[in-house]
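Undergrad: Give me a 3D structure for the following:
(chains A, B, C and D)
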There are 2 protein chains.
Amino acid sequence: MNISDAAQLSGVSAKMIRYYESIGLISAVGRKSNGYRDYSDDAIAVLQFVRRARSLGFSVDETRDLVGLWQDRARSSRQVKKLVEAHVVDLSRRIEEMKAMRDTLAGLARACAGDERPDCPILIDLAKAPRRAARRH
Amino acid sequence: MNISDAAQLSGVSAKMIRYYESIGLISAVGRKSNGYRDYSDDAIAVLQFVRRARSLGFSVDETRDLVGLWQDRARSSRQVKKLVEAHVVDLSRRIEEMKAMRDTLAGLARACAGDERPDCPILIDLAKAPRRAARRH
DNA sequence: CTAAACCTTCCCATGATGGGAAGGTCAACC
DNA sequence: GGTTGACCTTCCCATCATGGGAAGGTTTAG
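TA: Sure, this is the predicted structure:
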């Protein structure tokens, strides 16, 4: 199976499949005599796994760990659960940060007349000395 | 005032101050005879404004718009409110996406024994054909 | 006078992804 | 058989916001 079929079946673009291979997230597949990558059903399954993990917000590094656990018959479910729970905690933290931003902004917008006049508490507040605030990334 | 003082007072690193200047987010400040950038209190205030906007999740482009509105005495509060409300909507959407991820993962973790055995519903689910899922970015 | 602490510009790297060029290959159609 | 279009390959570049660091000039404190 060529890379574009693999891309379609897995939902991972051909570009990203090559990238994932180049960084070792997935192992290199075999090549046909013409040099084209050749994908088996198993290889597709790995790509689908990766796609789903990425869509759930796991970084490429975390996904690498998950793939490793997935393919390791001897892993304990404790290991898997631990990794997933850590990600849940991380997501929750980021959600709270974004909620705090949103609520601050919604409060400011509420206090702003939103008419033709220039007076706007939003800008006055933004100009205040920066307070301790979430600095994501 | 030298750039490191401006950095300290504004909470924006010297690196980022130069970067913001290079992309035109802030206007270039004057130079002293030795070529060093020289920051006035007004310039510091702009940097503080920028830092606060960034910390509230505005992109650099959105921040540019906000700075423009802030410095435009003739702007209407309607313009400002509109921009902020759009950002609130965007934040809310992203929060919902992340919540959906988190809840999915939390549900999977709950179904996983987390003991020494290898059986783990998490990995089984991740390996399923990818369903419609949030693809941020 | 020297050493440390500044400042300047310039280049490189990140992470995940896409765009595109240059060049080889294959399949279908006439 | 030849042409065309759709593939495939690798390689380079760009993104966005940020940091690291080099090379070289300046200022300040001892």
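
Undergrad: Going by C-alpha atoms from here, please, whenever you check contacts or count neighbours.
TA: Fine.

Undergrad: Do I have it right that residue A:119 meets residue B:76?
TA: Yes - using C-alpha atoms under 8 Å, residue A:119 makes contact with residue B:76 at a distance of 7.5 Å.

Undergrad: and the residue positioned nearest the centre of chain A, which of the three is it?
TA: Centroid-nearest residue in chain A: residue A:57, 3.3 Å away (criterion: C-alpha atoms, centre = their mean). Secondary structure state of residue A:57, per DSSP: H, G, I helix; E, B strand; the rest coil, is coil.

Undergrad: what's it sitting at in phi/psi?
TA: phi 90, psi 10 (degrees, to the nearest 10).

Undergrad: what's the closest non-adjacent residue to residue A:121?
TA: In space, and not counting its chain neighbours, residue A:121 is closest to residue A:112: 5.9 Å by C-alpha to C-alpha, 6 or more residues apart in numbering or on different chains.

Undergrad: Now for the one you found: which residues touch it?
TA: Contact analysis of residue A:112 by C-alpha atoms under 8 Å, 6 or more residues apart in numbering or on different chains lists A:120, A:121, A:122, B:77, B:81.

Undergrad: can you check residue A:54 too?
TA: Counted by C-alpha under 8 Å, 6+ apart, residue A:54 has contacts A:60, A:63.

Undergrad: Can you say which helix or strand has it in it?
TA: Counting by DSSP states H and E, the element that carries residue A:54 is helix A:41-55.

Undergrad: biggest helix in chain A by residues?
TA: helix A:77-110 (DSSP state H).

Undergrad: helices or strands next to whichever helix or strand comes after it in the packing?
TA: As assigned by DSSP H and E, the chain's next helix or strand after helix A:77-110 is helix A:121-126. Judged by 3 or more C-alpha pairs under 8 Å, 6 or more residues apart in numbering or on different chains; DSSP states H and E, helix A:121-126 is in contact with helix A:77-110, helix B:41-55, helix B:77-110.

Undergrad: Disregarding residues adjacent in the polypeptide, which is nearest to residue A:106?
TA: Closest to residue A:106 by C-alpha to C-alpha, 6+ apart is residue B:88, at 6.5 Å.
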